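> Sharing a model that was predicted from the sequence below.
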Amino acid sequence: AVNILKQREHNSGIAAVYENLFCLLSRGMSLSDAMEEQAGVFPALMVSMIRAGEESGRLSDSVIRLADYYEREDRLRKSVGSAMIYPAFLMVMLIVSVIMIFTVILPRFFTLFDSMETIPLSTRILMGLSKMLLQYGNMCILIFLALFAVAYYMWQDEKVHLWRDKVILTAPVVGRLMRVIYTARFARTLNSLYGSGVPLISAVSSAFLVLNNRFLEKQFKPVMDDLSNGVSLASSLAGINGLDEKLITGIFIGEESGELEDMLVHVADSFDYEAEAASKRLTVLIEPIMIVLIAVMTGYVMVSVILPIYQYYEMMG
């Protein structure tokens, strides 16, 4: 199978990975160990599920679960990404419009405004900003780049990372969407690992790490301690701040009925649907906000420019 993949792959980098896998498998190494030898090419989740499938004799089932898992992850990621394209476009248009107004349109009125005795405050503010951009544009760019570099450095700091991940989960509108997404990912990962034969404690550990959220990962140790002491999974996860309560209820029902694996599938499917619906609602909310911002900015500029011109013609009359 790996040899077929190697021969059909046109990307030289991926083909080289298949070649390495083929050589290691030919020497008698297991698939999971061969994948682990590829220096982080394959996610730890994939390696764990492949190893569990090898040990249980259900490798084909593990691979099918992996395919389903990554297809759903990709579909959810694309759904959220597509929902943010139009708001991002509007934001870019707003920035471009502001730059054009301050550097191209307003300077054409400076000669007229400078000849007037009184100018409205809003017009003086616009003129000041416009002249600053024209005279100190290079310095403004350097200051912006410096602030961006400082913000990027702080963004990588562990404490800032923890605070950022917490804010993502507690924000008024976005927080609901992100909690649904994280819960769906946790349920899907836990179901894939547990259904492939990975022990529950190891499956929960891997599921937390896949979330890639420091705030949730920080709450991971008490959960593992509870599970090691024989506490049920639902009770162990009950104190997690950031996971939807419906997941806890579903896990509790699954444990009580002995159908935990099936219940995780249903819960994950439900949260996948909710995440897609929430991303669409978020787009519907963001679009009018961006349009209103553009309208307010444009209206403010128009009033600030037209008002002194109107006063000028009144003085002429």
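Cool, got the structure. Numbering: from 1, shown residues only.

> elements contacting the helix or strand hosting Leu21?
Using DSSP states H and E, Leu21 falls within helix 12-26. For helix 12-26, the packing partners by 3 or more Cβ pairs under 8 Å, 6 or more residues apart in numbering; DSSP states H and E come out as helix 2-8, helix 31-36. Placement of C-beta: from N, CA and C, glycine included.

> okay, those helices, which one's buried deepest?
helix 31-36 (a mean of 19; mean count of other Cβ atoms under 10 Å).

> hmm, back to that, for the helices and strands packed on helix 12-26, give me TSV that also has mean pLDDT and distance to Ile125.
Shown next, in TSV, are these (pLDDT from 0 to 100; distance: least, Cβ to Cβ, whole Å):
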stretch	mean pLDDT	distance to Ile125
helix 2-8	89	63
helix 31-36	91	61
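
> mind putting those helices in CSV, distance to Gly197 included?
As requested, those are exported to CSV (distance: least, Cβ to Cβ, whole Å):
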stretch, distance to Gly197
helix 2-8, 22
helix 31-36, 12
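
> so which of those helices comes closest to Ile105?
Counting by Cβ to Cβ, Ile105 lies closest to helix 2-8 out of those; the figure is 56.4 Å.

> The closest one packs against which elements?
The contact analysis (3+ Cβ pairs under 8 Å, 6+ apart) places helix 2-8 against helix 12-26.

> ok now the helix it packs on, how far from the chain's centre?
Distance of helix 12-26 from the chain centroid (Cα atoms, centre = their mean, to the nearest Å) equals 32 Å.

> Can you mark which positions in it are buried?
Residues of helix 12-26 classed as buried by neighbour count (16 or more other Cβ atoms under 10 Å): Val17, Tyr18, Asn20, Leu21, Phe22, Leu24, Leu25.

> what residues does that helix touch?
With Cβ atoms under 8 Å, 6 or more residues apart in numbering as the test, helix 12-26 has contacts from Val2, Asn3, Leu5, Lys6, Glu9, Leu31, Asp33, Ala34, Met35, Glu37, Gln38, Val41.

> State the pair within those that is farthest apart.
Pairwise distances across the contacts of helix 12-26 peak at 21.4 Å for Glu9 and Asp33 (criterion: Cβ to Cβ).
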